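Engineer: sequence unavailable; structure follows:
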């Protein structure tokens, strides 16, 4: 299923929708947007918009077929088709990402980080020279860069040579990658600054 038209905010709510649906009584065949909105304390318009992006509109006066809705959400999240990602950089940020269990809700598995320094690190942290073989063996598609800015481009170059198709970059560095490789930047300082601005505006 194509997910490029689904917003980041909607993707963030999909695990909650799926958990709610899975918690319904087994005999439930249909569920309305109104019932979902009430159960999750969301606006009904928002729920309809989110679910429309995933599986289209529900049936008038009936709602959504529970089984079909569940399958559609699972398909978007990749629940049954796990995608493996690797982390380059096993410092504090890299280790925090490695230990975070929430990625599984989106069909993403992260079980290994790679670093030039592995002494004192857990077995899940491997040496950088092992990265190409690991990516090839496990058909890794996503690389996460959690290294200092001056090492980010070299990390990206290595990931591209390993066949990585998408990069999630936490380093404040603009990367140069070949066509066909997607880069998403995560600027935590900027996100916090936006939050601070909202707080100031509500005072």
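Structural biologist: In hand now; what should we look at? As the structure is a computational prediction, the values presented were derived from the model and not from experiment. Numbering: from 1, shown residues only.
Engineer: residue 115 bridge partners, please.
Structural biologist: residue 127 (DSSP bridges).
Engineer: how much space between it and residue 142?
Structural biologist: Distance from residue 115 to residue 142, counting by C-beta to C-beta, to the nearest Å: 18 Å. Placement of C-beta: from N, CA and C, glycine included.
Engineer: give me the number of residues near residue 149?
Structural biologist: 11 (other C-beta atoms under 10 Å).
Engineer: sec struct for the nearest residue to it once chain neighbours are set aside, please.
Structural biologist: Nearest non-adjacent residue to residue 149, counting by C-beta to C-beta, 6 or more residues apart in numbering: residue 173, 4.3 Å away. Of the three states, residue 173 takes coil according to DSSP: H, G, I helix; E, B strand; the rest coil.
Engineer: helix or strand: which one has the residue in the chain sticking out farthest from the centre?
Structural biologist: For the chain, the largest distance from the centre (C-alpha atoms, centre = their mean) belongs to residue 61, which lies 34.0 Å off. Using DSSP states H and E, residue 61 maps to neither a helix nor a strand.
Engineer: offset the numbering so it begins at 14, please.
Structural biologist: Done: numbering now begins at 14, and the last item shifts to residue 74.
Engineer: now it: how far from residue 53?
Structural biologist: In terms of C-beta to C-beta, residue 74 sits 21 Å off from residue 53.
Engineer: for residue 123, name its beta-bridge partners.
Structural biologist: Judged by DSSP bridges, the bridge partners of residue 123 are residue 98.
Engineer: identify the residues contacting it.
Structural biologist: For residue 123, the contact set (C-beta atoms under 8 Å, 6 or more residues apart in numbering) comprises 97-100, 110-111, 113, 116, 157.
Engineer: closest one of the residues you listed to residue 41?
Structural biologist: residue 116 (29.0 Å; C-beta to C-beta).
Engineer: rewinding a little: and the pLDDT for the residue nearest to residue 162?
Structural biologist: Model confidence at residue 186, given as pLDDT, is 91.
Engineer: ok, now the one 10 residues further on?
Structural biologist: The predicted structure scores residue 196 at 94 on the pLDDT scale.
Engineer: quick one, strands of this structure?
Structural biologist: Here the chain has its strands, by DSSP state E, at 43-44, 77-78, 96-101, 121-128, 138-140, 155-158, 179-182, 195-198.
Engineer: need the ones you listed in TSV (columns: distance to residue 29).
Structural biologist: Converted to TSV, the strands of the chain look like this (distance: least, C-beta to C-beta, whole Å):
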stretch	distance to residue 29
strand 43-44	14
strand 77-78	15
strand 96-101	21
strand 121-128	17
strand 138-140	32
strand 155-158	23
strand 179-182	22
strand 195-198	22
